[in-house]
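Novice: turn this into a structure:
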Amino acid sequence: TKSIKERAIAAWPPAWQGKNLSRILTSLGYDINKPWNTLPKKARDWILFTDDTPTVPVFPEYTLEQTQAAIKNEESPSYMGTFISAKRFVLQSFASTQSPRTKKRVSQYMQISQCPQCEGKKLKKESLSVKVAGLDIGEISQLTLGELAEKLSIAANNPAKSNAATPEKTIVAKRITSDIIKRVEALTKLGLGYLSLERTTPSLSAGELQRLRLATQIRSKLFGVVYVLDEPSAGLHPADTQALLSALDELIAAGNSVFVVEHDTSVIRHADWVVDVGPNAGSHGGNIVYSGPVEGLEQVSNSHTSQHLFKHNNNAKPNHQTQRTPAAWLKLSGIERNNLHNISAEFPLGVITSVTGVSGSGKSSLVSQALVELIQDALGQKTPPPMPTDEADLLDQELQTPTHGKITEGLEHIKRLITVDQKAIGRTPRSNLATYTGLFDHVRKLFANTKEAKARKYDAGRFSFNVKKGRCDNCEGVGFVSVELLFLPSVYSPCPVCNAKRYNQKTLDITYKDKTIADVLNLTVESAHTFFADEPAILRALNALLQVGLGYLRLGQPATELSGGEAQRIKLATELQRAQRGDTLYILDEPTTGLHPKDVAMLMAQLNGLVDAGNTVIMV
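Specialist: Next up is the predicted model:
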């Protein structure tokens with residue numbers, strides 16, 4: 001019902017360029033004051049989708065009639081303007097702009113859908129007309145590794161008939177299929193049988209990617225190699241961990257050495273030699289507590305690993321509390337998502353629920369996707385999906401999978417939903433622990449309230465490294481400068497002007513308890529706790545961080561340096577410091593990934609606290 005003048009065409013740029021395009025339409029004979037829905041369909045389609053770019057004289061202040069008369073009388077225009085349709089503007093801007101903001105704006109008007117010609121199989125008709133085991137290559141790509149092995153084993157075990165017209169074809173097929181089956185076996189042994197061939201690598205978890213690489217190594221039959229693995233058991237079900245260990249044993253049997261960074265006690269017990277680093281985290285760590293055969297670790301009293309590895313140590317016993325009884329039930333039915341087909345599920349409220357199953361069984365699809373989306377819809381707190389800022393992001397947005405399902409009862413007991421995932425808390429060094437938890441706002445106010453700052457009329461904004469007036473001009477408040485190297489990845493080095501302090505000298509002149517704002521960002525959470533002992537607003541955030549075991553992190557530590565587990569615990573701490581109220585549903589996807597058993601105990605204490613306050617926790 002809006003007119004073009006009232007910005008009916010939202011995809012057009014705002015400000016002057018949008019006005020300019022509507023003036024050009026006036027010169028082209030369109031009435032820009034008419035409601036959009038009263039314009040003929042042909043006119044609307046042309047304005048939105050045409051590839052024509054006519055250049056016409058523009059008379060900014062004229063009405064439609066005056067403009068037409070002026071063109072007829074060949075009056076000289078203010079300027080000549082070139083028309084561009086909404087579609088053309090969106091595609092051109094996305095392809096050519098350098099501004100992530102513009103990309104983000106126009107990508108709202110783009111959508112990825114399956115190619116109608118090949119139905120998502122990526123190849124042309126001729127290539128798809130060739131079939132093996134009754135399937136074309138596109139259909140084979142959609143199979144999981146397990147299904148592929150089944151299909152091909154028939155061809156592999158087919159005896160070559162001596163009277164067949166082309167016995168050599170059967171022999172060739174046998175050779176190729178048996179080779180493929182061997183490769184697939186290496187992958188299924190490692191518990192990856194559920195992955196389809198066409199699954200894109202960005203959508204794989206770190207654990208899946210690592211096992212994929214491991215499988216190729218086992219097939220390569222190399223020896224004399226040192227393999228270094230970082231938490232290969234992350235995100236694995238115990239049943240799959242056994243398969244992983246036998247794969248590692250294969251590598252060792254072939255004459256290789258394997259070094260593994262690991263928290264999983266079953267993997268540590270399987271090792272021949274253990275190096276325990278600690279005793280605690282961050283500045284309290286960095287020492288070799290023990291190095292030797294696994295059995296010897298039992299005698300080391302100050303090792304946290306030892307206490308969890310040899311369960312007869314008293315302090316490792318889980319404190320079994322009486323089981324809580326559910327206050328109510330949340331019931332879902334008709335869930336369709338990925339590999340879930342028309343299933344129903346009931347979740348108890350007011351307790352901690354753990355959703356388990358082997359890797360790839362559909363736990364995340366049920367909890368992190370279906371459950372979250374249904375509750376968000378019901379609470380009206382649907383977060384818009386993050387807008388892509390480049391071609392790769394755009395392609396990463398998976399095709400909208402058909403999702404069905406509804407909540408049949410229990411919704412009245414949930415007032416808000418919090419999902420705590422392991423996604424990074426920010427992608428740039430500008431985002432850090434202090435800014436994310438909100439405690440930096442209080443710190444900046446403290447600095448702005450000092451005598452010296454008041455005398456100089458500095459406000460809290462002066463102490464933000466994201467604001468021009470207080471930050472170092474050379475590095476723009478990042479603390480690092482990027483050095484571009486031809487043909488090599490960029491290198492970051494500390495800013496030579498501010499020595500990685502982020503602020504200009506005038507800002508650093510202001511001190512609070514003898515520390516500058518840069519010194520405060522350098523404090524660990526523990527030391528900040530002592531430093532801000534009489535500031536309740538800051539202590540609340542610091543206490544929450546200490547409770548989730550992050551006392552060793554520096555306040556100004558860039559988000560890019562944090563692990564997934566740390567990011568997740570920061571999100572949890574940010575939640576914990578808020579005033580607690582009941583009726584909140586917390587959803588966590590594998591919260592213990594990358595955590596030592598000692599940290600898991602801390603995390604459980606926090607989650608129990610949330611449930612005692614009348615909330616519900618559901619975790620995968």
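Novice: in the stretch 401-550 of the chain, which spans are helices?
Specialist: Secondary structure of the stretch 401-550 of the chain (DSSP state H, counting those that start in this stretch): helices located at 433-437, 439-448, 451-455, 505-508, 517-522, 525-531, 536-547.
Novice: who wins for proximity to Gly292 among those?
Specialist: helix 525-531 (30.9 Å; Cβ to Cβ). Any C-beta I mention is one placed from the backbone N, CA and C, and that applies to glycine too.
Novice: now for the closest one, which elements pack on it?
Specialist: The contact analysis (3 or more Cβ pairs under 8 Å, 6 or more residues apart in numbering; DSSP states H and E) places helix 525-531 against helix 536-547.
Novice: which of the helices or strands spans Ile140?
Specialist: helix 137-141 (DSSP states H and E).
Novice: what is the neighbour count of Ala234?
Specialist: 20 (other Cβ atoms under 10 Å).
Novice: over to Ile47?
Specialist: There are 23 residues near Ile47, going by other Cβ under 10 Å.
Novice: now the nearest residue to it once chain neighbours are set aside: how far from Tyr109?
Specialist: Once flanking residues are discounted, Ile47 sits nearest to Ser85: 6.4 Å by Cβ to Cβ, 6 or more residues apart in numbering. Ser85 is 12 Å from Tyr109, where distance means Cβ to Cβ, to the nearest Å.
Novice: hang on, the earlier thing: state the mean pLDDT of the helix holding Ile140.
Specialist: In this model, helix 137-141 has an average pLDDT of 92.
Novice: report the buried residues of that helix.
Specialist: For helix 137-141, the neighbour count (16 or more other Cβ atoms under 10 Å) marks Gly138, Ile140, Ser141 as buried.
Novice: got the buried residues for the first helix or strand past it going along the chain?
Specialist: Per DSSP H and E, helix 137-141 leads on to helix 145-156 as the next helix or strand towards the C-terminus. For helix 145-156, a neighbour-count test (16+ other Cβ under 10 Å) marks Leu145, Leu148, Ala149, Lys151, Leu152, Ala155, Ala156 as buried.
Novice: got the CA positions of helix 145-156 in CSV?
Specialist: This file holds the C-alpha atoms of helix 145-156, laid out as CSV (Å, rounded to 0.1, in the frame of the first residue of the first chain):
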residue,chain,number,x,y,z
LEU,A,145,29.0,-44.0,3.5
GLY,A,146,27.3,-46.9,5.2
GLU,A,147,24.6,-47.1,2.4
LEU,A,148,27.3,-46.8,-0.3
ALA,A,149,29.2,-49.8,1.1
GLU,A,150,26.0,-51.8,1.0
LYS,A,151,25.2,-50.9,-2.6
LEU,A,152,28.7,-51.5,-3.9
SER,A,153,29.3,-54.7,-2.0
ILE,A,154,26.8,-56.4,-4.4
ALA,A,155,28.9,-55.4,-7.4
ALA,A,156,32.2,-56.3,-5.7
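Novice: who touches the helix or strand following it?
Specialist: Per DSSP H and E, the first helix or strand lying C-terminal to helix 145-156 is helix 167-189. Helix 167-189 is contacted from outside by 145-146, 148-149, 152-153, 155-156, 158, 160-161, 164, 193, 195, 211-212, 215-216, 218-219, 243, 246-247, using Cβ atoms under 8 Å, 6 or more residues apart in numbering.
Novice: tilt between the helix or strand following helix 167-189 and helix 167-189?
Specialist: For helix 167-189, the succeeding helix or strand toward the C-terminus, using DSSP H and E, is helix 206-220. Here helix 206-220 runs at an angle of 130 degrees relative to helix 167-189 (axes from the mean of the first three to the mean of the last three Cα atoms, to 10 degrees).
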